[in-house]
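Chemist: What follows is a predicted structure for the sequence shown.
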Amino acid sequence: MPRPPRGKRTVTAAGDVEVVAKNPNGDGSVYFEPPRVEKGGRERRGFWRATYRDNEGRLQRVSGPTRAKAEAKRDEKLTALATAPRVGSRFSQDTTVAELTD
């Protein structure tokens with residue numbers, strides 16, 4: 001006997017609500033761009049696209065021929081952003097309000 005269909009939101013035995021097929025907030029999205037024909041008649045193959053937010057909060061996109069490759073590119077970019085030195089400000093997280101007003 002097949003399992004009954006499961007809705008997008010389900011309530012667990014503990015009373016918690018789970019959302020199926022949703023990335024946690026801040027993880028970005030991964031989706032498939034279907035094949036299409038461009039205006040010039042050129043056929044474009046389908047590809048996977050992954051999104052993420054850069055250090056300034058802007059949405060960035062990377063793509064790849066497979067879902068795994070698109071996610072790997074996104075992870076590489078996020079690792080590079082995390083290890084990149086922050087520039088553009090002489091203040092750090094340890095800066096006090098008094099130092100900031102001076």
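Modeler: Everything's here; your move.

Chemist: which residue is nearest the centroid of this protein?
Modeler: In the chain, the C-alpha closest to the average C-alpha coordinate belongs to G28, at a distance of 2.0 Å (C-alpha atoms, centre = their mean).

Chemist: where does the chain dip in pLDDT?
Modeler: Applying pLDDT under 70 to the chain picks out residues 1-7, 21-22, 86-89.

Chemist: In it, what residue spans correspond to strands?
Modeler: For the chain, applying DSSP state E gives strands covering 9-11, 17-19, 30-33, 36-37, 43-44, 47-53, 59-64.

Chemist: same for the longest one, what does it pack against?
Modeler: It stands for strand 47-53. Under the contact criterion of 3 or more C-beta pairs under 8 Å, 6 or more residues apart in numbering; DSSP states H and E, the helices and strands touching strand 47-53 comprise strand 30-33, strand 59-64, helix 67-83. To be clear about C-beta, it is placed using only N, CA and C from the backbone, and glycine gets the same treatment.

Chemist: which one of those lies closest to S92?
Modeler: Each of the helices and strands packed on strand 47-53 has some distance to S92 by C-beta to C-beta; the shortest is helix 67-83, at 16.5 Å.

Chemist: sorry, back to before: quick check: the residue nearest to the centre of the chain touching R61?
Modeler: No - G28 lies out of contact with R61 (C-beta atoms under 8 Å); the separation is 9.0 Å.

Chemist: shared neighbours of these two, anything?
Modeler: Taking C-beta atoms under 8 Å, 6 or more residues apart in numbering as the contact rule, G28 and R61 both touch 50-51.

Chemist: Distance of N23 relative to A72?
Modeler: In this structure, N23 and A72 are separated by 16 Å, where distance is defined by C-beta to C-beta, to the nearest Å.

Chemist: In terms of packing, which of those two has more residues around it?
Modeler: For N23 and A72, the more surrounded residue by other C-beta atoms under 10 Å is A72, and the numbers stand at 14 against 11.

Chemist: Distance across stretch 43-60, terminal residue to terminal residue?
Modeler: The first and final residues of stretch 43-60 sit 25 Å from each other (C-alpha to C-alpha, to the nearest Å).

Chemist: Can you give me the buried ones in it?
Modeler: Buried residues in stretch 43-60, counted by 16 or more other C-beta atoms under 10 Å: 47-52.
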